[in-house]
Structure formats: C-alpha cells, structure tokens
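Chemist: Structure for this input, please:
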Amino acid sequence: MMTTIGSRLPKETPYQLDPEQTLKASRALLQHIQTETKRLQQASSKKSLLSTSASGSDDDVAGDAEAPIWMTLTTKQHIVDKNRLKPSKIPVPHSLNTSPDLRICLITADPQRAVKNLVADPAFPEQLKTRITRIIGFTKLKARYKTFEQLRQLLSEHDIFLADDRIITRLPQTLGKVFYKGPSKRPIPIIIADSRKDKKESKMPKDDGAAGKNSTQALAKEIEKALNSVPVSVRPGTLVAVRVGLAAFKPEQLAENITAVVSKLVERHVVKGWRNVRGIHIKGQSSTAVPLWLAEDLWTETEDIVEALEGREQLENGAEQDDSGQKRKRNPASTKGPQAGSRKRAKVIEAKNGKRGSDQEGAQARKSKLAAQKAKIFGGEL
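Modeler: So this is what the prediction gives:
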C-alpha cells in the first residue's frame, strides 16, 4: 500500500494499516513458510538413509511451527538517541506463549523469599505455578552465574525470563551479551512491588490474609499480562523489530497482532507519528520481507526541503560559502567557479586575446633581432 504522508499532526493523522493488505500479506507469508518447510523436509528425507523413523520429521514440524514471525518498522529519522535498557510491552490479541511446557525464570529483587512465598501460596493459579521453573534473586544471580558457560546454560534452560522492574536496568551488565545480543530472550519487566501502592495500602488497616491474597493475585496478573504481550526494545537508529506471531498462526490471528502492535508502536515510540514512518514489513526467519505499508516521501517536514532549495538558488545566483560557513559575494573579475555561461565565455575570450597579442609582439621582436644579428655576421665575413 503506497501512501503519502501529509503535514498533519501525529494525533490527527488518518493513516493506518489497510486490513485487507495486512491479511493478504499475512496469508502469503504463512503459505510461503509452509511451502518452504515441506520442500526442506522432502529434500532432507531423500538424503537421509534412516528416513523410516518418523520421530525426526515430527520434531522438525513442531520446531517450524514455533518459528517466529517478525514485523520490522523503519523510520526516516532516529527514534531515540540512546539505548533504552527497560523494554516496553504491547498487549496482543493472540499470545505467543501458549505452550503448557513453557519454562519461566523469574528474576526478583532481594529478598527473593517473599516472591517464592507468593508463588507457593494456594491462591496462586496452578497453571502459572507449574510453568515457573526457577525464582532467583539479583544477588544470587550475580554470585552463581559469572562465567560465559554458566550464563549460556541458564539461557538454554528457560524459554522466557521475567524480571522485577526495579532491577531491569542493572541486568545488562550482569547477564551480558549472552542474553542481549538478540531480542528473543531478553528479560521482560513486570511490577512485583509498587512502592506507591504499598504506601497507600499501609495507611488502610487490613488483615494479613487479605493483603497476602491481593499480592498473590497482583503478581499472577502481572505474569499473565507479560505472557500475553510482546516486548519492544528500542535502540538508536531507524529500525525496530518486534515478534508478532508464530508460523503456526492463522492469517487472521497474525493480521490482528500486526495491527495491534503497529498502532501502539507508532503511538508510544515513533517521534512525529506516521509522518516519521518510512515502511512496515513482515518476514520469517529465512524469508524475504513482505511490505505492508510504504511511504512515498523521504522527509518528515516540508520546511526542510524549502530551505534547501532556497540555499541552492542563492549559490547558483553567485553566492558561495567560505570556510567559516558564512556566505560572501563572488568577485566579478574571477573566472573560477560556477558562473553564467555568456559571462564566463566573454572573460575567457578577452583573456585569450590579450595573451595572444602579447605573444605575437614578442615573437616579432625576436625575429627582427635575429635577422639583424645574421646580417651583421654574414656581412663581416663577406
């Protein structure tokens, strides 16, 4: 969908994704991924001598079904000037974390015993309790996982990492590039303890049972919210990549997730809104990018183009810039630089004619002097 972005304010812009185009692109991408997966499986089965066992092919199908679908959004100007260590969350209609065998690691602020008691409480949902495989405090995380191999082992043992938002900005230095070189398993922030809520609740007299029940339900709600959202990590640059679906999704599910992510992403993170959006694409792990939305204009403000044109006209009319960047008038007697055609040709012709005249006079004087010397020499001999 080719769309030209106008000069309206971001809140007033009418531009958005075309639902038909989004559904059409989602269907085409998923169909391409399924076709490519079948082709690779047939090629591998022909080369394998042990193709009678179907267990290997079943594992490949399951792995390909969990392959992520990425949405990339490119902008005309940089989104931010520095890294944001705390990623944001965008809720989606269809969660990417629906597997019952999902392994969750919960990184908490000290002390970790308080969070473990909340998870072990009978009021905590059982379906979440079975999926949380480890709860570790920040101090123990730094003490137990120091080497590169230990961090890689921790990364491979869990599918998703949830971290207390109070320590989320200190995790990059502790976990290192093992976790942060890719966006797939970066810790997602959740609110475990809000100091403002704690102060308000402390003023109101409540029994310990009600307070514990409320805390347990609040923690379970935060974990469910994180699982039903997609994380967005914003870096300096003009590109943002977000996981919006899986290869096992239906086209309608993928299209709904894309629409929800794009609307919130442009509203929260893209400066100047849709005027700064250059293109939106979706792609698989090894597929080409399918365009969803493209902008024809390559700038965000028309004033920038007007100023550039005015400066170009002034340079063409005889103004030039010195080393300090200030404009100065050109010397009319100068024959260097961009000048008008007839004006420059006239100066060049005059200079050539004057040079030719002086050269002819000098040559004539040398010839007459040489003739006089010859006559004197030959006349003396005779």
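Chemist: got a list of what Lys142 touches?
Modeler: Thr174 (C-beta atoms under 8 Å, 6 or more residues apart in numbering). (C-beta placed from N, C-alpha, C; glycine too.)
Chemist: Which of the helices or strands spans it?
Modeler: For Lys142, the host element (DSSP states H and E) is helix 138-144.
Chemist: For that helix, buried residues please.
Modeler: Neighbour-count burial for helix 138-144 flags Phe138, Leu141 (criterion: 16 or more other C-beta atoms under 10 Å).
Chemist: what's the answer for stretch 183-195, then?
Modeler: Buried residues in stretch 183-195 (16+ other C-beta under 10 Å): Lys185, Arg186, Pro187, Ile188, Pro189, Ile190, Ile192, Ala193.
Chemist: Now render these as CSV, adding distance to Lys142, pLDDT and secondary structure.
Modeler: Converted to CSV, the buried residues of stretch 183-195 look like this (distance: C-beta to C-beta, whole Å; pLDDT from 0 to 100; DSSP: H, G, I helix; E, B strand; the rest coil):
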residue, distance to Lys142, pLDDT, secondary structure
Lys185, 19, 86, coil
Arg186, 18, 89, coil
Pro187, 14, 92, coil
Ile188, 20, 92, strand
Pro189, 18, 92, strand
Ile190, 20, 93, strand
Ile192, 18, 86, coil
Ala193, 20, 68, coil
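Chemist: Helices of the stretch 51-200 of the chain, start to end?
Modeler: Ranges of helices within the stretch 51-200 of the chain are 55-65, 113-120, 126-129, 138-144, 148-157, 171-175, 177-180, 195-203, based on DSSP state H, counting those that start in this stretch.
Chemist: For this protein, give me the ranges with low pLDDT.
Modeler: 1-14, 46-64, 81-83, 85, 193-213, 298-359, 378-382 (pLDDT under 70).
Chemist: okay, how far is it across stretch 174-186, tip to tip?
Modeler: 12 Å (C-alpha to C-alpha, to the nearest Å).
Chemist: With stretch 233-242 instead?
Modeler: 8 Å.
Chemist: got a list of contacts for that stretch?
Modeler: For stretch 233-242, contacts defined as C-beta under 8 Å, 6+ apart pick out 70-84, 87-88, 90, 183, 186, 230-232, 261, 265, 269, 278.
Chemist: which residues sit in contact with Phe249?
Modeler: With C-beta under 8 Å, 6+ apart, Phe249 has these contacts: Leu30, Ile69, His94, Asn257.
Chemist: Tell me the one of those residues nearest Tyr145?
Modeler: Ile69 (31.2 Å; C-beta to C-beta).
Chemist: Contact partners for the closest one?
Modeler: Leu29, Leu30, Arg243, Val244, Gly245, Leu246, Ala247, Phe249, Leu254, Ile282, Lys283, Gly284.
Chemist: could these be laid out in TSV, adding distance to Ala365 and secondary structure?
Modeler: TSV is the format used below for the contacts of Ile69 (distance: C-beta to C-beta, whole Å; DSSP: H, G, I helix; E, B strand; the rest coil):
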residue	distance to Ala365	secondary structure
Leu29	87	helix
Leu30	92	helix
Arg243	89	strand
Val244	89	strand
Gly245	92	strand
Leu246	95	strand
Ala247	93	coil
Phe249	96	coil
Leu254	92	helix
Ile282	85	strand
Lys283	82	strand
Gly284	86	coil
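Chemist: which one of those residues sits closest to Ile104?
Modeler: Closest to Ile104, out of all of the contacts of Ile69 and judged by C-beta to C-beta, is Arg243, at 16.9 Å.
Chemist: Buried ones in stretch 288-301, by neighbour count?
Modeler: Ala289, Val290, Leu292, Trp293, Ala295, Asp297, Thr300.
Chemist: Let me know whether Trp274 touches Val266 as I believe.
Modeler: Yes: at 6.1 Å, Trp274 counts as touching Val266 under the criterion of C-beta atoms under 8 Å.
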